[in-house]
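>>> Prediction below, plus the sequence it came from.
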Amino acid sequence: MSKNDKLATQIVSVGREKKFTKGIINPPVFRASTVVFDTMDDMRFATKNKTNGEMFYGRRGTPTHFSFQQAISELEGGVGTALYPSGAGAISSALLSFLKSGDHLLMVDTAYEPTRDLCNKMLAGFGIETTYYDPMIGEGIRELIRPNTKVLFLESPGSITMEVQDVPTLSRIAHEHDMIVMLDNTWASPINSRPFDMGVDVSIQAATKYIVGHSDVMMGTATANEKCWEQLRENSYLMGQTTSPDDVYLAARGLRTLGVRMAQHNKNALKVANWLASRPEVDHVRHPAFETCPGHEFFKRDFSSGNGLFSFVLKQGDLASVTAFVENMAHFRMGFSWGGFESLILGVFGINNIRTATQWDSSKPLIRLHIGLEDTNDLIADLDAAFERYNAVLTSKY
């Protein structure tokens with residue numbers, strides 16, 4: 001594959017070398033634990049080249065894994081990709097691969113809640129201290145860096161509240177202090193931003209979301225640059241991280257339609273978001289493509305497109321009115337994940353309880369949507385009926 005190939009061509013072509021596919025369009029599912037050898041020379045060769053796509057032991061991977069890893073690495077622009085049984089597994093393994101007792105971690109305040117729990121519960125127990133920072137801190141990050149600060153962790157856009165970070169500025173400052181920069185890049189997927197061009201050292205994906213695309217596989221990826229790849233690869237292996245080849249096959253198959261799915265998710269989401277922005281009940285829309293979203297200017301600079309996930313904030317409401325909104329939907333379903341073909345809705349309360357470096361006005365309820373591949377007129381009609389239920393509850397209170 002040529003480096004000059006367009007993205008749509010890359011998505012179809014990456015990871016399909018004949019040594020992996022054996023001439024089959026989709027790389028087959030190779031299930032293996034033990035790999036046997038005919039000669040000592042064969043075994044020594046496999047041992048020597050076990051990190052270069054040679055079969056050595058099942059936990060190191062099979063051609064099914066190698067082809068998918070190569071595809072993700074090329075799409076994200078990294079040197080190598082490690083696979084994990086979930087996105088949370090990718091985050092925890094990446095952090096543990098570069099942190100030890102006595103180290104200091106800078107973690108974005110808007111991180112995925114399980115990431116915060118990992119820091120507060122496990123990393124703290126290992127003697128690793130975490131400081132949370134405002135996602136919009138920019139140059140101010142300098143004031144939080146200590147001599148023992150080893151990792152700067154970003155998530156852009158931020159979980160739930162969608163703040164877009166100035167990744168190039170934060171990366172540049174971190175590298176001035178010899179820190180490793182990690183980014184939860186799941187929202188962009190491997191195709192809507194170029195993390196390594198922005199100075200990121202390790203880019204993490206919850207492949208569960210858009211890469212798989214069908215809400216039926218749990219998987220995580222962590223792609224690293226040349227500086228970090230060997231340490232990430234070896235430490236992840238030492239922690240026993242591995243993935244099912246059947247799951248990898250499904251992720252690889254989902255990858256081939258990622259471009260067209262993401263384009264449709266984005267188109268649908270923008271139509272719904274614009275409709276929501278016109279509603280009198282809505283305070284503002286937190287979609288990175290909207291000026292009402294913090295960091296909108298960084299989205300315009302650093303992202304090539306959006307997806308189906310965004311939030312909106314209501315001017316007023318309580319548990320009863322938001323419950324009336326999100327229940328009894330015709331097409332939206334309540335669920336904690338996103339990235340599949342279906343639309344999801346989530347009424348989010350207690351955001352202020354998972355923020356320590358920033359403030360959140362909890363008096364204005366937030367609703368998160370994932371816009372799927374349904375007809376947008378049906379989705380808008382569903383939301384219109386939700387506003388009727390919501391308004392009926394509010395009216396009954398006065």
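Sure thing, it's come through. Residues are numbered from 1 along each chain as shown.
>>> Measure how buried the residue lying closest to residue 354 once chain neighbours are set aside is and give me the count.
In space, not counting the residues next to it along the chain, residue 354 is nearest to residue 113; the distance is 5.6 Å by C-beta to C-beta, 6 or more residues apart in numbering. For the C-beta atoms, the positions are set from N, CA and C on the backbone; glycine is no exception. Under the neighbour criterion other C-beta atoms under 10 Å, residue 113 is assigned a count of 13.
>>> quick one, what contacts residue 170?
When contacts are counted by C-beta atoms under 8 Å, 6 or more residues apart in numbering, residue 170 is found next to 137, 138, 141, 152, 154, 181.
>>> at 7 Å instead, please
Applying C-beta atoms under 7 Å, 6 or more residues apart in numbering, we find residue 170 in contact with 141, 152, 154.
>>> which one of those has the most neighbours?
Neighbour max across these (other C-beta under 10 Å) = residue 154, 28 neighbours.
>>> Thought residue 183 was touching that residue, still the case?
Yes - shown here, residue 154 and residue 183 form a contact pair, counting by C-beta atoms under 7 Å, at 4.6 Å.
>>> returning to that earlier point: please flag which of the contacts of residue 170 sit within strands.
Counting by DSSP state E, the contacts of residue 170 place 152, 154 in strands.
>>> Looking at the contacts of residue 170, which is nearest residue 72?
The shortest separation between residue 72 and any of these is 18.9 Å, and it belongs to residue 154 (by C-beta to C-beta).
>>> what sits in contact with each of residue 154 and residue 183?
Common neighbours of residue 154 and residue 183 (criterion: C-beta under 7 Å, 6+ apart): residue 167.
>>> Burial check on residue 351, number of neighbours?
Neighbours around residue 351, by other C-beta under 10 Å: 18.
>>> quick one, phi/psi of it?
Listed backbone geometry of residue 351 is phi -60, psi -40, with angles given as degrees, to the nearest 10.
>>> if I look at residue 185, how far off is residue 222?
Counting by C-beta to C-beta, to the nearest Å, the gap from residue 185 to residue 222 is 10 Å.
>>> Tell me which of those two has more neighbours.
residue 222 (32 against 27).
>>> what residues are up against the more buried one?
Listed by C-beta under 7 Å, 6+ apart, the contact partners of residue 222 are 81, 82, 90, 93, 94, 202, 204, 232.
>>> Give me the subset of those residues lying in helices.
Secondary structure of those is defined by DSSP state H; positions in helices are 90, 93, 94, 232.
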